[in-house]
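Whatever this is, show me its structure:
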Amino acid sequence: MAFDLLVIGSGPGGYVAAIRGAQLGMKVGIVEKAELGGVCLNWGCIPTKALLKSAQVFSYINHASDYGIEVKDASADFGAVVKRSRDVANGMSKGIQFLMKKNKIEIHTGFGKLVGKGKVEVDNDGKKTIVEAKNIILATGARERELPNLKIDKKKVVGYHEAMVLPKLPKSMVIVGSGAIGSEFAYFYNAMGTEVTLVEYLPNIVPAEDVDVSKALEKEFKKQGINVMTNSSVEKVDTSGTGCKVSIKTSKGMEEMNVDIILSAVGVQTNLEGIGLEMMGVKTEKGKVVVDDYYQTNVPGVYAIGDIVAGPALAHVASAEGIICVEQIAGHNPEPLDYGNIPGCTYCSPEIASVGMTEAKAKEAGHELKIGKFPFSASGKASAAGAKEGFVKVIFDAKYGEFLGAHMIGMNVTEMIAEVVVARKLETTGHEIIKSVHPHPTMSEAVMEAAAAAYDEVIHL
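Numbering: from 1, shown residues only. This next block holds a predicted model:
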């Protein structure tokens, strides 16, 4: 049965592309070898947020006296925390099944592989079928990357997949890599009671963020009891004993420690193996599929989106790419994605959210800057909530007023960053932000106050 559109992979890029295709009147099929929703819904974005919420609630209980409330003998049931996370993920995956049925999208279970023009072989445990389609979108995603000296054995050296379903709470853990995955798990396990050491090769944790945010998070992590080691690398791991003996190279020399578990959180690598790229002559470069602005590969009728193409490996990016790709196929001539206006979020506590240029990148680009910073210690809502740590930092071009970037750390900032994304999309200036009345008391007032600080008009500092 021939389809107008066949999508290989049902993550946030693939299933969104499939639904948009159905909305535009296409006959759509989707190929998935595992659970609908991909890594994001089943082993990434969603279940990790459920784990983090449990950790946040436990942290609140442990600090209940700060709010005038006494709680005695509080404890965390680690197994129940993990089960809740899995239940949330399973519920979301069932939601995708409903959306597939609602939009009359045909699901083909198995591993999808390009085998000819408009043809995909679906291998379901050895049973192979050929599915034909006018247009094929590759959305096969990515998996955890391994370091040569840090092989994942799924028992003592684990990746994010195993870290979400450990059979019991470890007493101690080394986390290698302090990006979003590493920092979120560092917060989670520390809050649950594990002794956590976070190892980062670069000078600052969450190294993609503005340096002010990186330093602020490191300070908060240390206050929470996390051992943060920057300019450091894991050189050797011995798992022959009951736990793990870890040799860490630091600026002061070698340091050894014994821990129960090592979590490797050093990024992801694309799933390109075995999907027929070479046979079809699909061009790749540096482990990514080469595409144009509308995600067409060099092979007519074959497209690629999400983690397997250049750009941030983020769920919301994959979804946006999928929609643009399908709308172009349908002849709608959509606007290409602006990769300079993609928000990034890290959901530890305090949260991190950012969009646009960091201060360093803006200076490198030759901009003369106006920078405003508003600390949550001056926010009435933050004080009332007991969450005074963090700040909002905004960056404007001094000559033209262009909103170059925003960098936030604090409670609920992942919900606040969308204001800046929309403002930048609409080419809003700093003065327009200042004159847009924000509700009081809210955390979001800090965006207005930070903009005012950039132009020496701030009221509450």
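
Domain boundaries for the protein, per the record?
2-144+269-339, 157-266, 350-454 (automatic domain parsing).

among these, which is nearest residue 461?
The closest approach between residue 461 and any of those, judged by CB to CB, belongs to domain 350-454 at 5.8 Å. (Glycine included, C-beta is placed from N, CA and C.)

Could you tell me the end-to-end distance of that closest one?
For domain 350-454, the first-to-last residue distance is 24 Å (CA to CA, to the nearest Å).

Spatially central, which residue of this structure would that be?
Centroid-nearest residue in the chain, with CA atoms, centre = their mean: residue 314, separated by 5.2 Å.

show me what contacts that one?
Taking CB atoms under 8 Å, 6 or more residues apart in numbering, we find residue 314 in contact with 342, 344.

Could you check how far it is from residue 421?
As judged by CB to CB, to the nearest Å, residue 314 and residue 421 stand 13 Å apart.

Okay, and the closest residue in space to residue 54 that isn't next to it in sequence sits in which element?
Closest residue to residue 54 apart from its sequence neighbours, by CB to CB, 6 or more residues apart in numbering: residue 81 at 4.4 Å. In the assignment (DSSP states H and E), residue 81 maps to helix 78-102.

hmm, who's touching that helix?
Helix 78-102 has contacts (CB under 8 Å, 6+ apart) with 10, 15, 18-19, 30, 35-37, 41-43, 46-48, 50-51, 54-55, 105, 107, 164-166, 168-169, 192.

Now list the buried members of those residues.
Among these, those classed as buried by 16 or more other CB atoms under 10 Å are 10, 15, 18-19, 30, 35-37, 41-43, 46-48, 50-51, 54-55, 105, 164, 166, 169, 192.

What about these, which are in helices?
Among those, the members falling in helices (DSSP state H) are 15, 18-19, 41-43, 46-48, 50-51, 54-55, 192.

of these, closest to residue 143?
Of all those, the one sitting nearest residue 143 is residue 43; the distance, using CB to CB, is 9.8 Å.

and the closest one, what is it in contact with?
Residue 43 neighbours (CB under 8 Å, 6+ apart): 89, 160, 161, 164.

okay, and the helix or strand of this protein with the least pLDDT?
Least confident helix or strand of the chain, by mean pLDDT, DSSP states H and E, is helix 38-43 with a mean of 89.

and it, how far from the chain's centre?
Offset of helix 38-43 from its chain centre (CA atoms, centre = their mean, to the nearest Å): 11 Å.

need the strands for the stretch 151-300 of the chain, in chain order.
157-158, 172-176, 195-199, 227-229, 233-238, 244-250, 253-259, 261-264, 268-270, 284-285, 288-289 (DSSP state E, counting those that start in this stretch).
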